[in-house]
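Colleague: Build the 3D model from these lines:
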Amino acid sequence: LRGPLAKDLAKVLWDVYVGRHYSLTESLDTLIEKWKHENEEFVEAMTIIKNASASMPERITVAVDEAISLMLEESERVMEKQVRRMKSPLIVLNAFGILMPILAMMFMPLVSVFVPEMFDFPIVAVTYTILLPWGLYWFISTYLQRRPYTFHQPELSHGKFKKFDYLAIGIGTVIFLSFSVLLLPKILYGEEKLLPSIIYVFGIGLSIASYLLVSSYFKLQFRNKIVQIEKEIGEFVFMLSMALTGGGPVEQRIESLKEKAKSLSIRELLDALIYNIRVFGMSLRRALLDSQSGIIVKYPSRIISAVMKAIAEISSRGTYYLSQALLSISKYLKNMRKVEDVISEELSEITLNMRLQAWLLAPLTCGIVVALMAVITQILIQIEGLYEKLSTSISSASEIGATMFSQFINFGKLVGPWLFQLVVGIYMIEVVLILSYFVTKIEHGEEPVIRNYEMGKTLLVAILIYTVLTLVVYYSLSSVAKMIL
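Modeller: Here you go, the predicted structure:
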């Protein structure tokens with residue numbers, strides 16, 4: 001447990017230890033008073049535990065189970081209410097926060113020519129590359145703060161993965177610099193600027209996707225193993241609780257579970273634990289919590305760590321108390337898994353829409369808009385050439401009409417399509433990253449490995465769709481436009 005609640009619970013014990021409060025009940029009263037306006041179900045659960053703290057062990061066990069059930073039921077009820085409140089704003093955001101700005105960009109060339117006083121390209125560029133992505137991120141993050149938290153995910157802080165982080169940075173940097181060196185001179189000084197700018201945006205997306213994929217790919221297998229063990233930890237705790245009812249040393253009971261767990265991923269954890277005890281001669285506590293080779297070091301997960309610490313602490317009081325505690329833990333983990341499934345089901349519609357937007361609709365819309373915008377700009381440039389020819393050949397009697405035409409249409413503010421393409425392409429990359437980031441946050445919480453992997457995979461597909469579609473649609477439409485004009 002981390003955060004403000006963890007500090008407050010630690011303070012409860014510390015205040016009793018240093019004599020600030022004379023009893024645990026008095027210290028819990030202070031905690032309850034502090035949290036009564038923040039979380040009503042937590043206050044009710046703590047009140048139940050406080051009232052039973054002086055009772056017989058059997059009564060305490062019943063009270064703890066009742067408190068856990070209350071917390072889970074209330075959390076599920078609040079979660080369902082909050083999810084319903086999240087759906088409509090996020091769906092509206094997909095339509096008006098992403099699609100509308102992209103479609104509006106298609107009319108920018110016309111605005112720059114026919115209403116030049118309303119057009120300022122630097123403002124447009126800043127709006128699309130900074131302000132809109134920031135607003136999108138802020139809006140989604142504000143609503144996702146209402147998502148209830150359940151399971152924590154693995155924390156892969158192992159030193160052995162550091163080299164892959166450096167490798168990912170190196171690959172991403174090399175790709176970005178290569179595209180920059182090859183294409184920026186053509187974009188800045190070449191005659192044909194649109195094609196190099198499209199490929200350059202592809203290079204930017206490819207460099208980011210490469211970094212995200214390489215930094216997470218080599219960690220993914222280990223992360224998936226940890227997640228699978230987390231799913232099975234409840235079943236393991238229940239089996240150990242049942243095995244301890246027969247008495248005997250905890251180490252022997254753990255070893256007796258090897259055969260029962262042979263088809264589970266957690267068998268590997270059991271083998272590592274028994275190896276620590278048998279080969280290194282460690283005590284159960286050290287085999288679980290040793291800072292060098294303990295289970296909590298080999299399998300970095302808050303859930304696994306919490307369960308192993310509970311086993312190490314409670315086992316000192318005897319197998320009976322450990323058995324009862326593990327039974328309560330197994331019930332809690334089972335119920336929490338149910339709440340996690342309910343959350344995933346309730347949020348599936350939102351994540352499906354956001355994933356579809358990131359994978360397909362955003363690159364598809366951006367690609368078509370850029371192609372149409374480039375063709376419109378090309379047509380306006382040809383009209384400008386025809387207008388210049390017309391201005392040099394018309395008679396003096398028609399000069400008044402030409403002057404009026406030049407005042408109505410201002411070709412001086414016409415911006416090259418390659419600049420619009422750069423803005424839309426960068427905006428598309430930002431939108432895809434933001435959407436895929438929040439999709440993984442909804443489904444997996446704050447878990448960097450799967451987040452980076454999903455973001456990299458989504459961006460790679462999106463940038464490929466955008467690049468190919470932009471080139472195909474643009475060259476198809478421009479050839480038709482040339483035939484007509």
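Colleague: Out of the helices and strands in this structure, which is least certain?
Modeller: Here the helix or strand of the chain ranked lowest by mean pLDDT, DSSP states H and E is helix 399-408, holding a mean of 51.
Colleague: Next, report how far whichever helix or strand comes after it is displaced from the centre of its chain.
Modeller: Next in sequence after helix 399-408, counting helices and strands by DSSP states H and E, comes helix 417-444. How far helix 417-444 lies from its chain's middle: 13 Å, per C-alpha atoms, centre = their mean, to the nearest Å.
Colleague: Just list what helix 417-444 packs against, helices and strands only.
Modeller: Packing contacts for helix 417-444, counted by 3 or more C-beta pairs under 8 Å, 6 or more residues apart in numbering; DSSP states H and E, involve helix 100-105, helix 108-114, helix 121-126, helix 132-144, helix 194-244, helix 319-356, helix 362-393, helix 448-484. For the C-beta atoms, the positions are set from N, CA and C on the backbone; glycine is no exception.
Colleague: The second one - what's its average pLDDT?
Modeller: Mean pLDDT, taken over the full extent of helix 108-114, equals 68.
Colleague: ditto for stretch 245-254
Modeller: pLDDT averaged over stretch 245-254 gives 78.
Colleague: okay, the helix or strand hosting residue 269 in PDB with CA atoms only?
Modeller: Using DSSP H and E, residue 269 maps to helix 267-278. Taking Å, rounded to 0.1, in the frame of the first residue of the first chain, the C-alpha atoms of helix 267-278 are listed here in PDB:
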ATOM      1  CA  ARG A 267       4.900 -23.500  -9.600                       C
ATOM      2  CA  GLU A 268       8.000 -21.600 -10.600                       C
ATOM      3  CA  LEU A 269       7.700 -19.400  -7.600                       C
ATOM      4  CA  LEU A 270       7.300 -22.400  -5.300                       C
ATOM      5  CA  ASP A 271      10.400 -24.000  -6.700                       C
ATOM      6  CA  ALA A 272      12.400 -20.800  -6.100                       C
ATOM      7  CA  LEU A 273      11.100 -20.600  -2.500                       C
ATOM      8  CA  ILE A 274      11.900 -24.200  -1.800                       C
ATOM      9  CA  TYR A 275      15.300 -23.800  -3.400                       C
ATOM     10  CA  ASN A 276      16.100 -20.900  -1.100                       C
ATOM     11  CA  ILE A 277      15.100 -23.000   1.900                       C
ATOM     12  CA  ARG A 278      16.800 -26.300   0.900                       C
END
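Colleague: next structured bit after it?
Modeller: helix 284-289.
Colleague: Contacts for the following helix or strand past that following helix, please.
Modeller: Sequence-wise, the next helix or strand downstream of helix 284-289 (DSSP H and E) is helix 295-298. Residues from elsewhere that reach helix 295-298, judged by C-beta atoms under 8 Å, 6 or more residues apart in numbering: 269, 272-273, 276, 287-291, 304-305, 308-309.
Colleague: Please identify the buried residues of helix 295-298?
Modeller: 295, 296, 298 (16 or more other C-beta atoms under 10 Å).
Colleague: closest to residue 5 among these?
Modeller: Proximity of the buried residues of helix 295-298 to residue 5 (C-beta to C-beta) peaks at residue 296, which lies at 21.0 Å.
Colleague: Give me the nearest residue to the closest one, chain neighbours excluded.
Modeller: Leaving out its chain neighbours, the residue that sits closest to residue 296 by C-beta to C-beta, 6 or more residues apart in numbering is residue 305, at 4.4 Å.
Colleague: That neighbour: how many residues sit nearby?
Modeller: 19 (other C-beta atoms under 10 Å).
Colleague: Now it: which helix or strand?
Modeller: If you go by DSSP H and E, residue 305 is part of helix 302-314.
Colleague: quick one: residue 382 from residue 105, how far?
Modeller: Distance from residue 382 to residue 105, counting by C-beta to C-beta, to the nearest Å: 21 Å.
Colleague: which residues of the stretch 251-400 of the chain score low on pLDDT?
Modeller: Scanning the stretch 251-400 of the chain for pLDDT under 70 picks out the ranges 384-400.
Colleague: before we move on, back to that, buried ones from the contacts of helix 295-298, can you make that a PyMOL selection?
Modeller: To isolate the buried members of these in PyMOL, using 16+ other C-beta under 10 Å:
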select buried, resi 269+273+276+287+288+289+290+304+305+308
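Colleague: Closest one of the contacts of helix 295-298 to residue 15?
Modeller: Nearest to residue 15 among these, with distances taken as C-beta to C-beta, is residue 309, at 21.8 Å.
Colleague: Confirm for me that that closest one is in contact with residue 288.
Modeller: Yes - in this structure, residue 309 is within contact of residue 288 by C-beta atoms under 8 Å, at 7.5 Å.
Colleague: Quick one, which of the helices and strands packed on helix 417-444 gets closest to residue 184.
Modeller: helix 194-244 (7.1 Å).
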